[in-house]
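Participant: with the input below, show me the fold.
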Amino acid sequence: MIKQDSAKLGKTLWDIADQLRGSMNADDFRDYMLSFLFLRYLSDNYESGATKELGADYPNLPEEDKRTPLSVWYESNPNDITEFEKQMRKKVHYVIQPQHLWSSISELARIQNNELLNTLEKGFKYIENESFESTFQGLFSEINLSSDKLGKTYTDRNEKLCKIISKIAEGISKFSTDTDILGDAYEYLIGEFAAG
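Facilitator: The predicted structure follows:
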């Protein structure tokens, strides 16, 4: 079943890539697609670790509340953030701030927020440079969020990213977030981009 889901997710994501890349060549678009998938993977893993670390203190939000549980916890516990992040660096080996988690990024894309591009840039820089020593140094170096290939102006680039991320989030939401499935889909996409 996992293999079937992986293949279906891979095909769904490949179809999204095919629809959205427009005039952008496959190699350039691959960098965006794979970076966003990797952010999703890191975020899922991080939120799972945060759930274990915080236990009963991890907020349980109603479905209509679009904030991330971790952002609610950060707002309610400002004096405990440093210790929490220290523990997460020990246990998960990295930190992603709530506003940079995939769930926050995909929500910004869904509502077409004009700060998505800035938030992504800050998030990628934070993950690469401050998340945990040099573990992720250069991780997102292949993705150029200021590229004219995304659009000539900040607004054009932001709109294009909103569209890409919304479609990826929509495509992924129909599948299990099991890390094996995401990993297999990632490999499938790499193969498709290489063949393309």
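Participant: distance from the longest helix seen in the chain to the middle of the chain?
Facilitator: Ranked by residue count, the top helix of the chain under DSSP state H comes out as helix 26-54. Relative to its chain's centre, helix 26-54 lies at 4 Å (C-alpha atoms, centre = their mean, to the nearest Å).
Participant: and what of stretch 142-151?
Facilitator: On C-alpha atoms, centre = their mean, the centre of stretch 142-151 falls 17 Å from the chain's centre.
Participant: do the same with stretch 154-166
Facilitator: 14 Å.
Participant: again, but for stretch 67-85
Facilitator: Remark: stretch 67-85 is offset 19 Å from the chain centroid, using C-alpha atoms, centre = their mean.
Participant: dump it to PDB, restricted to CA.
Facilitator: Presented in PDB, the C-alpha positions along stretch 67-85 are these (Å, rounded to 0.1, in the frame of the first residue of the first chain):
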ATOM      1  CA  ARG A  67      -2.500  28.900  13.400                       C
ATOM      2  CA  THR A  68       0.100  26.200  14.100                       C
ATOM      3  CA  PRO A  69      -0.100  24.600  17.500                       C
ATOM      4  CA  LEU A  70       3.600  25.500  18.000                       C
ATOM      5  CA  SER A  71       3.000  29.200  17.300                       C
ATOM      6  CA  VAL A  72       0.200  29.200  20.000                       C
ATOM      7  CA  TRP A  73       2.600  27.500  22.400                       C
ATOM      8  CA  TYR A  74       5.300  30.100  21.600                       C
ATOM      9  CA  GLU A  75       2.900  33.000  22.200                       C
ATOM     10  CA  SER A  76       1.800  31.500  25.600                       C
ATOM     11  CA  ASN A  77       5.300  30.500  26.800                       C
ATOM     12  CA  PRO A  78       7.800  33.200  25.800                       C
ATOM     13  CA  ASN A  79      10.100  32.500  28.800                       C
ATOM     14  CA  ASP A  80      10.300  28.800  27.900                       C
ATOM     15  CA  ILE A  81      11.200  29.100  24.200                       C
ATOM     16  CA  THR A  82      15.000  29.100  24.700                       C
ATOM     17  CA  GLU A  83      14.900  25.900  26.800                       C
ATOM     18  CA  PHE A  84      12.400  24.200  24.400                       C
ATOM     19  CA  GLU A  85      14.600  24.900  21.400                       C
END
